[in-house]
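[1] no letters, just coordinates:
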């Protein structure tokens, strides 16, 4: 077994993995693989309904919201959001808290005016902007709750008088959120929810259809709301793995319980980074993410030696993104605290040898 | 075990299913699940390269073509094709051979003028149009090689002086095709290639970038060509299953071998339909598909009894599409001839009892 700190696709609960492997060999004793059943079958109807129900229950999604399972990742949502929500000639507000947020804004510029209301680009996105005015004439405010690359996370969400759209790809299901404060939430599944290949969209039912533009059928939220994510063949197996992962999350107590565990894991690692003389964190303390912990060695010449130590001990996925360098430990829901304890022990050993 | 005649997601080779289940538990002894590895890892690099290589080898794809693995199904290609290939103010030619072909044409109308050069709608798409003029001033001709719902298939492809775009979702890898005759081929994987959740695009490298319109990044073929399908997180596991399925296809002799087997399977079933007094085919004989065999009972009052016989014998997925009714037996690559023999024996028994 490895200690998997990968940034995504990331570690999933072993129970969900084993259930998924079994469903590939034989789904519920049907004599069929989950890979070869019809998306119009009763078996899949039950899987889709159960997955939706778990999303609704775990995040306490209000009744006037739709829960959709789409394809194309958050990157496709970057264009679907303005295509559907930004009227011709209109304006949208974007908070630029990282490269992914910038990419989202770039797509919106194809469809209207974009006002960047705040940016942390001045210091390589090492903090989350918190002080900014939200233009009342914008159609929506777009934010990114967690910035995987830089290890920053919104501790709280902005109060807004305009609709809020949030990319929660890398921290959804890691903590309770008040869904009613958002008009649209989207998330690629491949961090806390499931495997690559499916994208969750949670949106108010009445917000689409007002852009005044002709939208290709597959890119129109209306299509997927009206067809309950079954307009065309959905990614059947990816949805199944989400179901199995969310079942596990529910069993261990849901988002409140996992938030406590995630906080413990993050505190353990940040406190080692802060107390160990060989390491330093890269994100501002008040912007630190509980999902992705970014840090550097004080002496870059020790990089090779520390990387080798990690590798020799089966600790993987810690290489930082090239735009930050150093190390990034992703502490997604399924990562056990024992893996964090093990990493911390390696850091302590490393300090003893190289202190 | 069931005899799976489902129209898609359809039956896959057992060997590919077992290999995929093993990769979920432990990918190549890495101690990691295929579901939790990075799409930037060496492990996935090898999987993607191997899958591309198998597509190239099995279909003899020329060097000046790109092989892409996208998301969103053929339905997303319906709009990506005109968005990328139909210049502003231009015209595209469509052959309307079924509802999916109509849906493709509908999306193109959002981007330019569409000339329907032929249609078989007059007889509920029970044949493939073969006699039509291809306008030389159109940017491309769009065809559908196999019409799943109606059980019709192009026996040969039109000679065209303009670029040809083909939706091969339901018969790709079932027979040899001369890829060089096409500018772009697309196919949802969930029939002969793999599971739902990935879409294969095979396209000439130089055909994009001429539409004169601004295209959202994820919908621009250029993005995926330049990033080798890794602009964003691809559907890692779906690609793995495609690899395992194509490895199986190569082992059994490739598309020439499978074409022979598919022809045997189709001949066996069509000849029973034609000789058994209780059944009749719905597609014109010269348009019959080797992938999807559509037929009716001569006496509709026997429907319930025949359906029960199928169910009692583990023969599944035979219900015809609502727009045709009756039965549809899909004979995809992975369906063994023994399943067809078994179905034929049931039809013969049924005739004896009800003749």
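    Received the coordinates, thanks. Here the structure is a predicted model, which is why all the values come from computation and not from measurement. Residues are numbered from 1 along each chain as shown, chains lettered A, B, ... in the order given.

[2] CA only for contacts and neighbour counts going forward, please
    Fine.

[3] contacts only, for the residue in the stretch 51-200 of chain A that chain B sits nearest to.
    Closest contact between the stretch 51-200 of chain A and chain B, by CA to the nearest CA, is at residue A:197 (4.2 Å). Residues in contact with residue A:197 (CA atoms under 8 Å, 6 or more residues apart in numbering or on different chains) are A:71-73, A:188-190, A:235, A:238, B:71, B:197, B:233-236, B:238.

[4] all strands for the stretch 1-150 of chain A, in order.
    Using DSSP state E, counting those that start in this stretch, the strands found in the stretch 1-150 of chain A span residues A:3-4, A:65-70, A:91-96, A:113-119, A:141-144, A:146-147.

[5] please identify the most buried of those strands.
    Of all the strands of the stretch 1-150 of chain A, strand A:146-147 carries the top mean neighbour count, a mean of 28, counting by mean count of other CA atoms under 10 Å in any protein chain shown.

[6] chain center to that one, what's the gap?
    8 Å (CA atoms, centre = their mean, to the nearest Å).

[7] re earlier: ok, now how distant is the residue of the stretch 51-200 of chain A closest to chain B from residue A:218?
    16 Å (CA to CA, to the nearest Å).

[8] can you map out the helices along the stretch 1-150 of chain A?
    Here the stretch 1-150 of chain A has its helices, by DSSP state H, counting those that start in this stretch, at A:14-25, A:42-59, A:73-85, A:99-108.

[9] point out the most buried one among those.
    helix A:73-85 (a mean of 24).

[10] counting by contacts, list what the helix or strand containing residue A:237 packs against.
    Element membership for residue A:237, per DSSP states H and E: helix A:236-251. For helix A:236-251, the elements it packs on are helix A:14-25, helix A:42-59, judged by 3 or more CA pairs under 8 Å, 6 or more residues apart in numbering or on different chains; DSSP states H and E.

[11] how is chain A carved up into domains?
    Under the assignment automatic domain parsing, the domains of chain A span A:3-7+A:253-354, A:14-251.

[12] and the first one, end to end?
    Between the opening and closing residues of domain A:3-7+A:253-354 there is a gap of 23 Å (CA to CA).

[13] helix or strand for the residue of the stretch 51-200 of chain A closest to chain B, which one?
    Here residue A:197 is assigned to no helix or strand, by DSSP H and E.

[14] tell me the contacts of residue A:170?
    Residue A:170 sits in contact with A:145-148, A:187-188, A:191-192, A:291, where contact means CA under 8 Å, 6+ apart.

[15] could I get the residues you listed as JSON lines with distance to chain B and pLDDT?
    Below are the contacts of residue A:170 laid out as JSON lines (distance: CA to the nearest CA, whole Å; pLDDT from 0 to 100):
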{"residue": "A:145", "distance to chain B": "19", "pLDDT": "98"}
{"residue": "A:146", "distance to chain B": "17", "pLDDT": "98"}
{"residue": "A:147", "distance to chain B": "15", "pLDDT": "98"}
{"residue": "A:148", "distance to chain B": "14", "pLDDT": "97"}
{"residue": "A:187", "distance to chain B": "12", "pLDDT": "98"}
{"residue": "A:188", "distance to chain B": "9", "pLDDT": "97"}
{"residue": "A:191", "distance to chain B": "9", "pLDDT": "96"}
{"residue": "A:192", "distance to chain B": "11", "pLDDT": "97"}
{"residue": "A:291", "distance to chain B": "16", "pLDDT": "98"}
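
[16] out of these, which is most surrounded?
    Neighbours here mean other CA atoms under 10 Å in any protein chain shown. Within the contacts of residue A:170, the largest count is held by residue A:188, at 32 neighbours.

[17] quick one, phi psi at that one?
    phi -60, psi 140 (degrees, to the nearest 10).

[18] what separation do you get for the closest residue to it other than its chain neighbours and residue A:186?
    Leaving aside its sequence neighbours, residue A:188 sits nearest to residue A:199 (CA to CA, 6 or more residues apart in numbering or on different chains; 4.3 Å). Residue A:199 sits 7 Å away from residue A:186, going by CA to CA.

[19] quick check: neighbours shared by these two?
    Contacts common to residue A:199 and residue A:186, judged by CA under 8 Å, 6+ apart, are residue A:74.

[20] can you list the residues of the stretch 51-200 of chain A near chain B?
    Applying CA under 8 Å from any CA of the partner chain, we find that the stretch 51-200 of chain A lies next to chain B at A:70-73, A:75-76, A:79, A:107, A:110, A:195-198.

[21] so which of those is the closest to residue B:45?
    Among these, residue A:196 lies closest to residue B:45 (CA to CA), at 15.2 Å.

[22] so that closest one makes contact with residue B:232?
    No. Counting by CA atoms under 8 Å, residue A:196 stays clear of residue B:232, with 10.1 Å between them.

[23] with neighbour numbers in mind, choose between these two.
    residue A:196 (29 against 16).

[24] what's the pLDDT at the more buried one?
    pLDDT for residue A:196: 97.

[25] so what's it closest to, chain neighbours aside?
    residue A:190 (4.7 Å).

[26] what does residue A:177 give?
    Here the residue nearest residue A:177, using CA to CA, 6+ apart, is residue A:59, at 6.9 Å.

[27] repeat that for residue A:330.
    Residue A:330 sits nearest to residue A:292 (CA to CA, 6+ apart), 4.3 Å away.

[28] what's in contact with stretch A:72-90?
    Against stretch A:72-90 from outside (CA under 8 Å, 6+ apart): A:92, A:103-105, A:107-108, A:111-113, A:138-140, A:167, A:169, A:186-188, A:197-199, A:207-213, A:215, A:219-221, B:70-72, B:216, B:218, B:232-233.

[29] quick one, what contacts residue A:33?
    Per CA under 8 Å, 6+ apart, neighbours of residue A:33: A:23-27, B:17.

[30] same check, this time on residue A:314
    A:1-3.

[31] let me know whether residue A:67 touches residue A:52 as I believe.
    Yes. With contact defined as CA under 8 Å, residue A:67 reaches residue A:52; the gap is 6.4 Å.
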